[in-house]
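Chemist: pasting the structure only:
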């Protein structure tokens, strides 16, 4: 059992803050979809996609149950804004503004390189661009 915990790691919570690119103001009404993938010697497993609660006036989006060593994928969307695609693994969040494929049962494939977004005061900023 102890070995299993060492391999899987402990679940943690992460917090995002959705903001408008131009004004820097928090965005209410941002919908977030989350899935988490892992692999072992037997196969590949995923949980989700899960629709998280929509952001309130403060733009906050909380995610509980994230495993540091598993790959988490996020899609942030809001009417009037371009979607943001994100990948979180090993404590690092990378963002992409486009994918080269539609989301599938295996997740999405970001187009181009991911931009690393370091947390500030424990929050990961999701900067959203108006369409």
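Modeler: That came through fine. A quick note: this is a predicted structure, and the numbers were derived from the prediction, not measured.
Chemist: what about the most centrally placed residue in the chain, helix or strand, and which?
Modeler: Centroid-nearest residue in the chain, with Cα atoms, centre = their mean: residue 74, separated by 3.2 Å. If you go by DSSP states H and E, residue 74 is part of strand 71-77.
Chemist: Could I get the buried residue list for that strand?
Modeler: Neighbour counts over strand 71-77 (16 or more other Cβ atoms under 10 Å) mark 71-76 as buried. The way it works is simple: take the backbone N, C-alpha and C, and place the C-beta from them, glycine included.
Chemist: All the helices of the chain, residue numbers only.
Modeler: Counting by DSSP state H, the chain has helices at residues 2-8.
Chemist: Isn't residue 79 up against residue 31?
Modeler: No - counting by Cβ atoms under 8 Å, residue 79 sits too far from residue 31 to count as a contact (9.4 Å).
Chemist: Between these two, which has more neighbouring residues?
Modeler: More neighbours surround residue 31 than the other of residue 79 and residue 31, with 17 against 8 (other Cβ atoms under 10 Å).
Chemist: which residues touch that one?
Modeler: 51-52, 54, 76-78 (Cβ atoms under 8 Å, 6 or more residues apart in numbering).
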